[in-house]
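*Asks:* Would you be able to build a 3D model of this:
(2 chains)
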Amino acid sequence: MAFGGPIVADAIALVPAGVIALVTVLLAWVSSLIIGRLLSRTNPRMAGAGRRLTVVVVVLIGGTLALQAIGVNPAVLLVVIGLLGATILIALREPLGNYGAKYFSDIYTPFKVGDTIRVQGYAGKVIEINAMTTVLLTDDDLLVSVPNSSMLRDVVVNTSPQAWKEVIVPVTLAASIDLPAFESELLKSLTKLRTRLDRRFPPVLTTKSRSAQSADLALTLMLRRPEDRDAMTAEANKRIAEVLDHVRGVRR
Amino acid sequence: MTPSSICINTQTPLVQFLDSAADGAAAGARDGVDLATLREGVDYRFSPGGVTRMVYPLVRRLLDQGVLSEVHWVALNPRAPPLARIGGITLHNVRLDADRLAGYGEVKEALWSRIHDLEPDRPHDDLFWSEAFSEYAFYNRRTAELIRQLDVAHDFDAFYVHDFQQLPVGRMLETLKPKVFRWHIPFDLELIPPQWRSVLAGYLDSYDAVVVSAARYAESLAMIAPTRKVIRLYPYVDPAEYSQPGPEAVEAAVARFGVTPEDEVALLVGRMDPVKGQDLAISALSTIASEYPHLRLVLVGNGSFSGSGSGLGLSKSAVWRTHLEEMVRSLGLEGRVVFTGHVSQADLDCLYERARFTLLPSVREGFGLVAVESWLHGKPTIVTDRAGIAELVRDRENALLFDPSEPGSLAKQMRRLMDDGDGELAARLVRHGRSTSRKCSLEAAERAERAMLEELMEV
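*Replies:* As a prediction, this is how the structure comes out:
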């Protein structure tokens, strides 16, 4: 019987695409978990970025395969996506560059709000680091706005006392985790590293911001020797992950 | 001035719940226990010391005058319901389990010991790297988190944090609103280990103002945290609280402690703690005991909140009292030294009234309000030069000063008062002392504290 024949046929033709889409979502979720676990001992921002990148790549591949399954030429699709991406990048080159620089400078640039720095011939106290610029207050009470991209491109000198000693490790704490218990366990764990840290400055955990879901914290460690910087960052991240695993059972 | 809401934070709670009330109150206290429904002395008691004698009367007065509209008071109180109310004050009690309490107690005792120079052979240089410090941090963070949550609900105008046990709270409390810290104990730069200075500076810098009890503490503190506003405000008492009981009431009260009519009483009021120097007083008594056979030393006080059963249960005070009792026996002073333990305010008034003179022999003392109490009771006092109040004392004018490190120094001053046959010296010390005590009155404090808060809040 011809009743509904073409519709059913069309629906059947969509099944493979649907299956691919479902598998893609599943794969994206699983790979995100695996990458998150693999990167859990690194900087939390890097772990987050790794997870997001994995999801985007898996979805792009899966989406292309799904579209191919319903007859769309993937080459055309890729060209369209490429052209669109290039247009966006060209149009938003400056702000995106600054935003990206801010993103990475949070991890790699050795200064923070409150430090005194020199960059591009300007010197002043860092009073704000926003998505686009870093704002300096000079000795003459002038505000100088330096694009974040300059912070990665140009030479930045941090003239704050003891600046070389300071290692700041960002920590994101889910709201379900008890902050006092986490801090207490972390401080206990970090006492093991005391021979590599300046005895005058014990580790300090400060709260940067909070939301209903999480709190952004910063762990500040003061090194005894500058060459320990990378190793200390890695060790601190490892210990943070261990402590997080330990205190996850302690709910509010 | 618009009435302000304020959050106070102390380690010692205003009230301690006694056995009969602690569990029942905790069980049925969702909206808070109203202390008006409980019995003082049976269900709860006010904590002895500065919290009750100083902070509470000031807060009450500022509430009565409409300077404050709302007061929340956060304190460590392991054996109390989470919430209680007294007058216009809401009390929030922080509870810690026994393990964490032990670690916290270890660190705070070490801080206390080092700052009072009690154990020169145990400098505690690495205190902030000890595992116990993580429990001290836990308690402070728990407190700061509670205050932050209260601030979300009540939007306080300012925060007033009291004493060294709570020092990290300011840095843990992320707020742009004014934060005041009152440092009640001594702050002598030469006693602060170099390894501690950056840590203390970091904590002190998190406050908008730091209040100390003596000018020399302010100087020391300014050298460690030069960017902070440091204010010297004398501790205070309410003169209206001091009564003069009649002779019959006095003799009846002191008889209960074994004091006879012919006794000459040297009175020392202070909790059982090595820092209070009861051992110096006993030594001094042994030096002059044979010269003055009717002189008796009366030691009033027991443990602080930390040492009491309804508080933190640390055993320091019991150990110290045992040591003092052994000292009395070894010096053959049985019957010449009386340990009264904690006494009621009425009994304390009687003991002051009965005293010939009072002693403040502390090896270190943040201030020494008992000297002011002595003046208000009309009794001459002998004061250690290591107390904050020493900067208000002019030797032989309003009190007698002595150096606790100089052997025989205290005995010499006690002898001076015992030999004051016509009472001329005692009368002069009391007359000038009463005048000095006005600098440490609730009224003076109210003016100073109010001015400080108004300046910080820019009202």
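
*Asks:* which stretches of the chain have low pLDDT?
*Replies:* Answering for chain A, as no chain was given. By pLDDT under 70, the weakly predicted segments of chain A are A:1-6, A:40-46, A:94-95, A:97-109, A:249-252.

*Asks:* Oops, wrong one, chain B.
*Replies:* Residues of chain B that meet the cut-off, pLDDT under 70, sit at B:1-2, B:20-31, B:303-315, B:459.

*Asks:* ok, then the element right after the longest helix seen in chain A?
*Replies:* Using DSSP state H to define each element, chain A has its longest helix at helix A:5-38. The C-terminal neighbour of helix A:5-38 among helices and strands, as given by DSSP states H and E, is helix A:44-69.

*Asks:* Can you name every helix or strand that that next one contacts?
*Replies:* Packed against helix A:44-69 by the contact rule (3 or more Cβ pairs under 8 Å, 6 or more residues apart in numbering or on different chains; DSSP states H and E) you find helix A:5-38, helix A:74-91, helix A:93-108, strand A:166-174. Using the backbone N, CA and C atoms, a C-beta is placed for each residue, glycine as well.

*Asks:* so how far is it from its chain's centroid?
*Replies:* 16 Å (Cα atoms, centre = their mean, to the nearest Å).

*Asks:* For that helix, buried residues please.
*Replies:* A:44, A:47, A:49-51, A:54-55, A:58-59, A:62-69 (16 or more other Cβ atoms under 10 Å in any protein chain shown).

*Asks:* what separates A:Val135 from chain B, distance-wise?
*Replies:* A:Val135 sits 18 Å away from chain B, going by Cβ to the nearest Cβ, to the nearest Å.

*Asks:* quick one: what helix or strand has that residue in it?
*Replies:* Taking DSSP H and E as the criterion, A:Val135 maps to strand A:133-137.

*Asks:* residues in contact with that strand?
*Replies:* A:98, A:105, A:117, A:119, A:122-129, A:143-148, A:151 (Cβ atoms under 8 Å, 6 or more residues apart in numbering or on different chains).

*Asks:* Could you give the number of residues near residue 163?
*Replies:* All of this is about chain A. For A:Ala163, the neighbour count with other Cβ atoms under 10 Å in any protein chain shown is 15.

*Asks:* that's the other chain; I wanted chain B
*Replies:* 19.

*Asks:* hang on, isn't it packed against B:Gln11?
*Replies:* Yes. Counting by Cβ atoms under 8 Å, B:Gln11 is a contact partner of B:Asp163 at 6.3 Å.

*Asks:* Can you pull up the residues of the stretch 51-200 of chain B that come close to chain A?
*Replies:* B:100, B:126, B:128-131, B:133-135, B:137-138, B:141-142, B:145, B:171-172, B:174, B:194-195, B:197-199 (Cβ under 8 Å from any Cβ of the partner chain).

*Asks:* and whichever residue of the stretch 151-300 of chain B sits closest to chain A, what is it in contact with?
*Replies:* Taking Cβ to the nearest Cβ, chain A has its nearest neighbour within the stretch 151-300 of chain B at B:Ser198, 4.5 Å off. Counting by Cβ under 8 Å, 6+ apart, B:Ser198 touches A:Arg200, A:Phe201.

*Asks:* Which stretches in the stretch 101-250 of chain B count as strands?
*Replies:* Using DSSP state E, counting those that start in this stretch, the strands of the stretch 101-250 of chain B run over B:158-162, B:179-182, B:209-212, B:229-232.

*Asks:* Pull up the pairing partners for the longest one, direction included.
*Replies:* Spelled out, it's strand B:158-162. Strand pairing for strand B:158-162, using DSSP bridges, gives strand B:4-10 (parallel), strand B:179-182 (parallel).

*Asks:* Quick check: which of these is nearest to A:Arg224?
*Replies:* strand B:179-182 (30.1 Å; Cβ to Cβ).

*Asks:* Please tell me I have it right and B:Leu359 contacts B:Ala411.
*Replies:* No. Counting by Cβ under 8 Å, B:Leu359 sits too far from B:Ala411 to count as a contact (11.1 Å).

*Asks:* Give me the more crowded residue out of the two.
*Replies:* Here B:Leu359 and B:Ala411 are set side by side on neighbour count (other Cβ under 10 Å), and the busier one is B:Leu359, at 33 against 20.

*Asks:* if we can go back for a sec, any of the residues of the stretch 51-200 of chain B next to chain A buried? List them.
*Replies:* B:100, B:128-130, B:133-135, B:137-138, B:141-142, B:145, B:171-172, B:195, B:198-199.

*Asks:* mind giving me the domain ranges of chain B?
*Replies:* Listed by automatic domain parsing, the domain ranges of chain B are B:4-237+B:442-457, B:239-440.

*Asks:* ok, and the closest non-adjacent residue to residue 208?
*Replies:* No chain in the question, so chain A it is. Spatially, and ignoring its direct neighbours in sequence, A:Lys208 is nearest to A:Asp216 (4.4 Å; Cβ to Cβ, 6 or more residues apart in numbering or on different chains).

*Asks:* Actually, chain B is the one I wanted.
*Replies:* B:Pro178 (4.8 Å).

*Asks:* quick one: what helix or strand has B:Val370 in it?
*Replies:* Counting by DSSP H and E, B:Val370 is part of helix B:369-376.

*Asks:* Packing partners of that helix?
*Replies:* Using 3+ Cβ pairs under 8 Å, 6+ apart: helix B:369-376 touches strand B:264-269, strand B:355-360, strand B:381-384, helix B:424-437.

*Asks:* Repeat the analysis, applying 7 Å as the threshold.
*Replies:* Helix B:369-376 is packed against strand B:355-360, strand B:381-384, helix B:424-437, with contacts defined by 3 or more Cβ pairs under 7 Å, 6 or more residues apart in numbering or on different chains; DSSP states H and E.

*Asks:* burial of residue 12, as a residue count?
*Replies:* I'll assume chain A. Neighbours of A:Ile12 using other Cβ under 10 Å come to 9.

*Asks:* Can you look at chain B instead?
*Replies:* Applying other Cβ under 10 Å, I find that B:Thr12 has 24 neighbouring residues.

*Asks:* ok, it touching B:Val51?
*Replies:* Yes. With contact defined as Cβ atoms under 7 Å, B:Thr12 counts as touching B:Val51 (4.8 Å).

*Asks:* which residues touch the helix holding B:Val370?
*Replies:* If you take Cβ atoms under 7 Å, 6 or more residues apart in numbering or on different chains as the criterion, helix B:369-376 is touched by B:53, B:235, B:237, B:239, B:242, B:269-270, B:352, B:358, B:360, B:381, B:383, B:389, B:399, B:430, B:433-434, B:436-437, B:440.

*Asks:* All set, thanks.
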